[in-house]
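1. Got a sequence here, can you model it:
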Amino acid sequence: MTSFDALGGIGAPATRPQLLGDEPRVREPLPAAGRSFGAALAGALEGVDDLQDEAARKAEALARGEPVQLHDLLISMEESSVAFHLMLEVRNKLLDAWEALNRIPV
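-> Next up is the predicted model:
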C-alpha cells in the first residue's frame, strides 16, 4: 500500500492541512437577485477606491516616519494595483460589448 499523505501525493487528503497563522477565508455572500448591475459596479469601484486610499495612507505614514511594516505597505500597494487593473479590464470588456451591440444591424 503506497501513501504519500505527508507530501500531498497519492492518498493525500483533499484539503491541505491548517498551517500556523493560516486563517480560513470567509467568502462574501453572492449579490441579491434584486441588486442592479449598476449598483454592483458602483460597489466594486468603491472597493477599488478603498484599496487605493489604504495604500496611500500607509505610504504617507511611512513618509512621515511613523512605524509602518514595509511588507504591509507593499502588499497594500500591490492589491490596489491588481484591483485597479482588473477594474480597467472589466471596463474595456464592457466597452467592447457595447461597441459590438452598436454594430448589430437593426
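2. Counting neighbours, what do you get for Asp72?
-> Number of residues near Asp72 (other Cβ atoms under 10 Å) recorded here: 13. To be clear about C-beta, it is placed using only N, CA and C from the backbone, and glycine gets the same treatment.
3. Just give the closest residue to it, not the sequence neighbours.
-> Lys58 (6.5 Å; Cβ to Cβ, 6 or more residues apart in numbering).
4. Just the element for the one you found, please.
-> Assigning secondary structure by DSSP states H and E places Lys58 in helix 37-63.
5. tell me what the longest helix along the chain is packed against?
-> Longest helix of the chain, by residue count under DSSP state H: helix 70-103. Helices and strands touching helix 70-103, by 3 or more Cβ pairs under 8 Å, 6 or more residues apart in numbering; DSSP states H and E, are helix 37-63.
6. Quick check: which ranges of this protein have low pLDDT?
-> For the chain, the stretches with pLDDT under 70 are 1-34.
7. Need the CA coordinates for stretch 81-95. PDB is fine.
-> Provided in PDB are the C-alpha atoms of stretch 81-95 (Å, rounded to 0.1, in the frame of the first residue of the first chain):
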ATOM      1  CA  SER A  81      -2.700  47.800  -8.400                       C
ATOM      2  CA  VAL A  82      -4.300  44.400  -9.200                       C
ATOM      3  CA  ALA A  83      -7.800  45.700  -8.300                       C
ATOM      4  CA  PHE A  84      -7.300  48.800 -10.500                       C
ATOM      5  CA  HIS A  85      -6.100  46.700 -13.500                       C
ATOM      6  CA  LEU A  86      -9.000  44.300 -13.000                       C
ATOM      7  CA  MET A  87     -11.400  47.200 -13.000                       C
ATOM      8  CA  LEU A  88      -9.800  48.600 -16.100                       C
ATOM      9  CA  GLU A  89     -10.100  45.200 -17.900                       C
ATOM     10  CA  VAL A  90     -13.800  45.000 -16.900                       C
ATOM     11  CA  ARG A  91     -14.300  48.500 -18.300                       C
ATOM     12  CA  ASN A  92     -12.600  47.500 -21.600                       C
ATOM     13  CA  LYS A  93     -14.700  44.400 -21.900                       C
ATOM     14  CA  LEU A  94     -17.900  46.400 -21.300                       C
ATOM     15  CA  LEU A  95     -16.900  48.900 -23.900                       C
END
